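Asker: No sequence on hand, only this structure:
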């Protein structure tokens, strides 16, 4: 259950990371409000997940999910680079997330 909450927290982290692009420096009201809401939900869910999961593992997985999601959506939505080396680095982050999950209680 706590792992599912952590994954959900990571998904909200992706939402706010991508949302930052749409706020245009916090000059657009609706994207700013949605981004702030996603930030709040993400942090609350992360805090809840750390009740049972190790802090270092939970934080690393949360940021890893956010990083992978932000890079992926940056490529898809904003035409950012999809160079093989960049994708390899994203794959290494995914491997780290999986490794942390497999080695955590």
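Answerer: Thanks, I have the structure now. Worth saying up front: this structure is predicted, and the values here are computed from it rather than measured.

Asker: For the chain, give me the ranges with low pLDDT.
Answerer: Low-confidence regions of the chain, defined by pLDDT under 70, span residues 105.

Asker: and the longest helix for it?
Answerer: Of all segments of type helix in the chain, defined using DSSP state H, the longest is helix 55-78.

Asker: Give me the residues contacting it.
Answerer: 6-7, 9-11, 13-14, 17-18, 21, 42, 46, 49-50, 80-82, 86, 90, 93-94, 96-97, 100-101, 104 (Cβ atoms under 8 Å, 6 or more residues apart in numbering). Bear in mind the C-beta positions are built from the backbone N, C-alpha and C, glycine included.

Asker: Secondary structure element for the closest residue to residue 19 other than its chain neighbours, which one?
Answerer: Nearest non-adjacent residue to residue 19, counting by Cβ to Cβ, 6 or more residues apart in numbering: residue 35, 3.4 Å away. According to DSSP states H and E, residue 35 maps onto helix 29-49.

Asker: what comes up buried for that helix?
Answerer: With burial defined by 16 or more other Cβ atoms under 10 Å, the residues of helix 29-49 counted as buried are 31, 32, 34, 35, 38, 39, 41, 42, 45, 46, 48, 49.
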